[in-house]
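In: Need coordinates for the below:
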Amino acid sequence: MSTLSRFIRNYRNSGKTFRRIKMRCHLNADTLYSRIREDFNRVVDHRAANSSISLPDVLMSGFAMFCLKDPSLLAFDERRREEPDSLQGVFGVSRIPSDSQMRTVLDEVSVRDLRRPFKSIFAQLQRGKVLEKMTWLGGYYLLALDGTGIYTSEKMGSDYCLSKRKRNGKVEYYQQMFAGAFVHPDRSEVIPTCPEMIVKQDGSSKNDCERNAAKRYLTDFRREHPHLKTIVIEDALASNAPHIQELQKHDLRYILGAKPKDHENLYQSVDEAADRGEITELHIADSNKTNVHHCFRFLNNVPLNKSSKDSLTVNFLEYWETDSEGNVKNRFGWVTDIPISGENAFDIMRAGRARWRIENETFNTLKNQGYNLEHNYGLGKKHLSAVFAHLMLLAFLVDQVQQMCCPLFQAAQAKYRTRRYLWERVRSCFNENFVPSMELILHCIVNGVRKPKLEFQWE
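Out: Below is the predicted model:
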């Protein structure tokens with residue numbers, strides 16, 4: 001009899017009702033943790049063969065810290081000393097490193113070796129038919145891309161940090177990452193991909209930049225997903241000829257923001273076409289709000305820059321809303337390589353506006369919902385901060401998979417107003433007593449079990 005079955009039987013024998021909810025066989029937290037552990041086993045250990053703690057144990061310990069949303073390495077170290085059994089049971093860690101050991105070991109790990117778990121989980125989502133829920137515009141996946149900061153300090157930097165001199169004369173050291181996530185206009189969940197770090201590259205004294213990081217990201221993405229039908233959605237900074245040509249090189253469709261101040265020639269060309277009567281306008285009444293109308297104007301095959309023989313041509317879509325008094329609000333513009341028509345203009349608009357999910361549902365969640373993205377868990381001399389960023393995103397990916405397709409996790413999440421309260425309850429299950437699996441923790445949360453005294457309930 002399994003641990004969970006024994007616990008349920010003992011709980012019911014006490015006269016209480018236990019609500020058991022099934023999980024997806026291959027898309028539950030415990031199975032995904034095991035799969036991640038298998039991928040970590042394939043990472044080459046840079047240390048001597050007689051190291052006391054294995055590299056997979058160190059990687060899984062760092063991953064566990066972000067799964068549990070511990071606010072610091074010190075807090076995780078307290079858990080290591082006081083509650084090691086639960087960490088070993090849930091995450092399969094044989095020996096748990098101290099905070100200083102974790103920093104030392106992970107600083108030498110190359111982030112290139114951490115790509116495999118992201119691809120493994122994505123493949124599992126494909127096999128489980130979960131990703132079909134994320135398709136849009138005829139079976140395409142929307143990939144939102146953007147950059148964000150992961151570290152900044154005026155006191156401490158490393159050879160891999162970018163740097164800039166501020167007006168007050170002080171030097172600011174910082175690191176960033178270029179990240180992507182699959183999004184959907186009708187879903188709050190996102191599926192993050194493996195990020196690309198914006199840091200000084202090996203052997204270079206120059207600052208890295210988001211454009212170079214984007215090139216590396218797209219190359220790795222297409223190598224790992226060569227046939228995935230993908231539409232890239234980005235902000236107006238990305239709607240330039242070199243970046244669009246990079247997207248075309250990797251056979252990626254695109255919907256990119258376009259602002260009048262940044263694309264004066266484009267908007268001038270559209271306005272001139274409107275004066276000639278060559279542009280298409282469309283007005284759609286909102287199905288839920290009687291006083292709101294969705295307004296569009298679009299033009300296909302318009303030059304992105306000043307007109308010339310070799311100018312890159314794009315399809316332009318502009319959107320705004322009007323109320324019953326004719327007031328205009330929420331005006332946006334995009335360029336795309338998707339031919340625009342009256343039938344798909346609304347869907348293209350919604351896809352373009354879904355770009356905000358990389359900001360709201362991804363970066364803001366990582367910063368404000370317990371993941372502590374901007375907190376400095378450790379800079380290190382080489383790759384420590386980058387490794388921590390990858391492990392954090394990997395934990396976030398597992399949580400998003402649970403939120404999307406795990407009925408047990410959904411039931412646990414429904415009991416709390418915010419994710420922060422849910423993470424606090426998960427941590428309290430670790431604090432109260434030994435728990436051997438995440439499934440049992442979620443069952444305890446759903447059923448309101450305060451103290452699962454498992455160690456002396458077995459026969």
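In: Look up how far residue 394 lies from the residue nearest to residue 92 when sequence neighbours are not counted.
Out: Computed as Cβ to Cβ, 6 or more residues apart in numbering, the closest residue to residue 92 that is not its neighbour in sequence is residue 37, at 5.3 Å. The way it works is simple: take the backbone N, C-alpha and C, and place the C-beta from them, glycine included. Separation of residue 37 from residue 394 (Cβ to Cβ, to the nearest Å) stands at 12 Å.
In: And for residue 170?
Out: Relative to residue 394, and taking Cβ to Cβ, residue 170 is found at 34 Å.
In: between those two, who's got more neighbours?
Out: Neighbours per residue (other Cβ atoms under 10 Å) separate residue 170 from residue 394, with residue 394 holding more: 24 against 10.
In: number of nearby residues for the nearest residue to that one once chain neighbours are set aside?
Out: Excluding the flanking residues, the one nearest residue 394 by Cβ to Cβ, 6+ apart is residue 117, at 5.7 Å. Residues within reach of residue 117, counting by other Cβ under 10 Å, total 26.
In: Looks like residue 117 contacts residue 34 (just checking).
Out: No: using Cβ atoms under 8 Å, residue 117 makes no contact with residue 34, being 11.3 Å away.
In: Run a quick neighbour tally on residue 354.
Out: Each residue near residue 354 was counted by other Cβ under 10 Å, and the total is 22.
In: Over to it: give its phi and psi.
Out: Main-chain dihedrals, residue 354, degrees, to the nearest 10: phi -70, psi -10.
In: Point out where the stretch 201-350 of the chain drops to low pLDDT.
Out: For the stretch 201-350 of the chain, the stretches with pLDDT under 70 are 203, 307-310.
In: cool, the stretch 51-200 of the chain as well?
Out: Applying pLDDT under 70 to the stretch 51-200 of the chain flags no residue at all.
In: Please enumerate the strands of it.
Out: 135-136, 140-153, 162-165, 171-183, 191-192, 196-198 (DSSP state E, counting those that start in this stretch).
In: most packed of those strands?
Out: Stretch with highest mean neighbour count among the strands of the stretch 51-200 of the chain: strand 196-198 (a mean of 26; mean count of other Cβ atoms under 10 Å).
In: Paired strands for it, with orientation please.
Out: Sheet pairing here is set by DSSP bridges, and for strand 196-198 it gives strand 171-183 (antiparallel).
In: Could you export the partner strand as CSV, CA atoms only?
Out: Output of strand 171-183 as CSV, limited to C-alpha atoms (Å, rounded to 0.1, in the frame of the first residue of the first chain):
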residue,chain,number,x,y,z
VAL,A,171,29.5,52.4,-11.6
GLU,A,172,26.4,50.2,-11.7
TYR,A,173,26.8,46.5,-12.3
TYR,A,174,23.9,44.5,-13.7
GLN,A,175,22.8,41.4,-15.4
GLN,A,176,19.7,40.7,-17.5
MET,A,177,18.1,37.8,-19.3
PHE,A,178,16.2,37.5,-22.6
ALA,A,179,13.2,35.3,-22.0
GLY,A,180,10.3,33.8,-23.9
ALA,A,181,7.0,32.3,-23.0
PHE,A,182,4.2,30.7,-24.9
VAL,A,183,1.0,32.6,-24.2
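In: how distant is that strand from the center of its chain?
Out: 12 Å (Cα atoms, centre = their mean, to the nearest Å).
In: which regions of the stretch 351-459 of the chain sit below the pLDDT cut-off?
Out: For the stretch 351-459 of the chain, the stretches with pLDDT under 70 are 433, 450-459.
In: Residue 53: neighbour count?
Out: Around residue 53 there are 18 residues (other Cβ under 10 Å).
In: what about residue 212, which SS state?
Out: Secondary structure state of residue 212, per DSSP: H, G, I helix; E, B strand; the rest coil, is helix.
In: Now render the strands of the stretch 51-200 of the chain as a markdown table, adding distance to residue 377.
Out: Shown next, in a markdown table, are those (distance: least, Cβ to Cβ, whole Å):
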| stretch | distance to residue 377 |
| --- | --- |
| strand 135-136 | 35 |
| strand 140-153 | 9 |
| strand 162-165 | 19 |
| strand 171-183 | 12 |
| strand 191-192 | 18 |
| strand 196-198 | 15 |
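In: and residue 280, backbone torsions?
Out: With angles defined as degrees, to the nearest 10, residue 280 shows backbone torsions of phi -100, psi 130.
In: got it, and residue 233?
Out: Per degrees, to the nearest 10, the backbone of residue 233 is at phi -120, psi 130.
In: Name the residues that touch stretch 415-426?
Out: Stretch 415-426 is contacted from outside by 68, 69, 365, 369, 370, 412, 413, 441, 445, 446, using Cβ atoms under 8 Å, 6 or more residues apart in numbering.
In: Could you do stretch 151-169 as well?
Out: 170-176, 198-200, 207-208, 376, 379-383, 385-386.
In: same thing but at 6 Å, please
Out: By Cβ atoms under 6 Å, 6 or more residues apart in numbering, the surrounding residues in contact with stretch 151-169 are 170, 171, 172, 173, 174, 175, 199, 200, 207, 379, 381, 385.
In: got the contact list for the closest residue to residue 263 other than its chain neighbours?
Out: Distances taken as Cβ to Cβ, 6+ apart place residue 239 nearest to residue 263, at 6.8 Å, with adjacent residues excluded. Residue 239 makes contacts with 256, 258, 335, as judged by Cβ under 6 Å, 6+ apart.
In: shouldn't residue 281 be in contact with residue 297?
Out: Yes: using Cβ atoms under 6 Å, residue 281 and residue 297 qualify as a contacting pair, with a distance of 4.8 Å.
In: which of the two has more neighbours?
Out: Neighbours around residue 281 and residue 297, counted as other Cβ under 10 Å, are more numerous at residue 297. The numbers are 19 against 11.
In: Provide the secondary structure category for the more buried one.
Out: strand.
In: Kindly provide the distance from it to residue 269.
Out: For residue 297, the distance to residue 269 - Cβ to Cβ - is 13 Å.
In: Is there a neighbour count for residue 324? I'd like the number.
Out: By the measure other Cβ under 10 Å, the count of residues near residue 324 is 10.
In: Can you tell me the closest non-neighbouring residue to it?
Out: That would be residue 291: by Cβ to Cβ, 6+ apart, it lies 3.9 Å from residue 324.
In: On the three-state scheme, that neighbour is what?
Out: When classified by three-state DSSP, residue 291 comes out as coil.
In: unless I'm mixing things up, it is touching residue 325, no?
Out: No: judged on Cβ under 6 Å, residue 291 makes no contact with residue 325 at a distance of 8.4 Å.
In: Would you mind telling me which of these two has the busier surroundings?
Out: For residue 291 and residue 325, the more surrounded residue by other Cβ under 10 Å is residue 291, and the numbers stand at 10 against 6.
In: Tally up the residues packed near residue 236, please.
Out: Around residue 236 there are 18 residues (other Cβ under 10 Å).
In: Relative to residue 199, how far out is residue 436?
Out: Distance of residue 436 to residue 199, computed by Cβ to Cβ: 39 Å.
In: what are the bridge partners for the spatially most central residue of the chain, then?
Out: Among the residues of the chain, the one closest to the centroid is residue 192, at 3.1 Å (Cα atoms, centre = their mean). Counting by DSSP bridges, residue 192 is bridged to residue 181.
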